[in-house]
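> Give me a 3D structure for the following:
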Amino acid sequence: MDAMEMDTDNSEAVRNLELNESSRSSTSTMTAAQTISADEVALYDRQIRLWGMEAQLRMRNSKILLITMRGLANEVAKNLVLAGIGSLTVMDPEVVEEDDLGASFFFSEEHVGQNRAEAALPAIQALNPRVPCHASIESPLTASASFYSSFSLIIATDLLLPTLLHLNQITRSHSIPFYAAATYGLYGFIFADLLVHSYVLKRIKSNVATRLGPESRTRSIISTRETQEGETRLEHVTKQETFCPLSEALSSMVDSSWPLRRKKKLPSVLPGIMAMLQFTAIHNRLPDPDVTREDLKEFVRIITPETERMGLPVELNEVGFMRSFLQNATAELSPVAAILGGVLAQDAINVLAKTEQPVGNFCVFDGEIGVAPIVVLAAQEEE
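Got it, this is the predicted structure:
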């Protein structure tokens, strides 16, 4: 699409999203500075310098719901609260068990038997008293749609597929960005449904002009603007990414234009995660390490057609990987929770601030070989 063909009103609207502007030319930045107190400016000085006052104000006005307080969510909660979001509500109907004490640093032995959300709340609040924190002991399946409607971002962790699909349907109906994530021993995933998300990248101006229009099948460049910082000429590029619901992602192939050699380089954990989610939908549970032989047969039955449906070579389904994947599916490992939770929290912060390119839309993590590829799973024309 030629730049002259871009809709003028649309370009003007997205231009208002651009961040890190010079204070002499941005009255909205002045308003933000007047809204955020001097103490907050001092507290969040480093990140304000990184992404600007307007971005910090967006985070300060956000209300985030974090579901299931296990190791992964502990990491996410810590990073979000320390970043200075507007408020955090943690939701979990389950109680703390001894197994939770390994990767969940908000719990100690005295919390065993207490509700997980309520037990974690004091420690979360202590991290940053400026961020109001709340706890809900409701089940995500029985909470009313109106309960969810007040949040600006919802993050669901370590849930079975039917619950994730239910939540994503609600977030879509209320136009709320949504993340789903889980860890399975050494493995894990992050899924993002951010609806239609616009963000701004700030970079040194290149000698090659940036072309407006589609950049990929889900991402477009909407507008550009130049500024000067000292002797450096900078370019602010506004991009727009279109996301799909989880149900569509789970029925989509990898990019059909990829050659076979590229598909073969994908880790086995990609079809493994897809099969794991389908396993939880069929059996309403994770694989049982005490009944590995039967669950392994069932997993193989699921993963083979899933791999073929995604357009991937079946040789990705190594027996050794599948056995390791299932045997550790219910385990929580602190390093994996820390890595995946850090990535998820940082992506959520970037989305709230409207800076940096988000996860689009499936990130799978394999801690055994140390890779975390991001794959776009969305409907294609030939599908």
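> any idea which helix or strand carries P305?
helix 292-309 (DSSP states H and E).
> What of I369?
Going by DSSP H and E, I369 is not part of any helix or strand.
> centre of the chain versus the longest helix along the chain, how much separation?
Taking DSSP state H as the criterion, the chain has its longest helix at helix 334-353. Its chain's C-alpha centre and that of helix 334-353 lie 7 Å apart, by CA atoms, centre = their mean, to the nearest Å.
> again with stretch 256-263
26 Å.
> buried ones in that stretch?
Within stretch 256-263, the residues scored as buried using 16 or more other CB atoms under 10 Å are W258, K263. All C-beta atoms are positioned from the backbone trio N, CA, C, and that covers glycine.
> Can you pull out the residues in contact with that stretch?
Outside of stretch 256-263, the residues within contact range by CB atoms under 8 Å, 6 or more residues apart in numbering are V254, G311, L312, P313, Q380, E382.
> And the helices in the stretch 1-150 of the chain?
8-15, 27-35, 38-43, 45-51, 53-60, 71-83, 116-127, 145-149 (DSSP state H, counting those that start in this stretch).
> Name all residues that make contact with the residue nearest to E318 when sequence neighbours are not counted.
Leaving out its chain neighbours, the residue that sits closest to E318 by CB to CB, 6 or more residues apart in numbering is S268, at 5.6 Å. S268 sits next to L316, N317, E318, F321, M322, D366 when contact means CB under 8 Å, 6+ apart.
> Quick check: chain neighbours aside, which residue is closest to V196?
Closest to V196 by CB to CB, 6+ apart is T242, at 5.3 Å.
> Skip the chain neighbours and tell me the closest residue to L159.
T68 is the one closest to L159 (CB to CB, 6+ apart), at 6.0 Å.
> Give me the distance between the one you found and Y44.
28 Å (CB to CB, to the nearest Å).
> same deal with R70?
R70 is 28 Å from Y44, by CB to CB.
> higher neighbour count, the two?
Between R70 and Y44, counted using other CB atoms under 10 Å, the more crowded position is R70 (24 against 20).
> quick one, what contacts the more buried one?
D100, A103, S104, R116, T157, D158, E332, A337.
> And the furthest pair within these?
Farthest-apart pair in these is R116 and A337; separation 14.6 Å (CB to CB).
> Below-threshold pLDDT in this protein: ranges please.
Where the chain drops to pLDDT under 70, the residues are 1-36, 42, 45, 49-52, 289, 291-292, 382-383.
> can you pull out the strands in it?
Under the criterion DSSP state E, the chain contains strands at 63-67, 87-91, 133-136, 153-157, 178-184, 187-193, 196-204, 213-214, 219-229, 232-242, 362-366, 374-375.
> just checking, the residue nearest to V196 touches T218?
Yes. Between T242 and T218 there is a contact at 5.2 Å, judged by CB atoms under 8 Å.
> For the protein, list the residue farthest from the centre, please.
Ranked by distance from the centre of the chain (CA atoms, centre = their mean), the top residue is E231, with 36.5 Å.
> List the contacts of that residue.
Applying CB under 8 Å, 6+ apart, we find E231 in contact with no residue.
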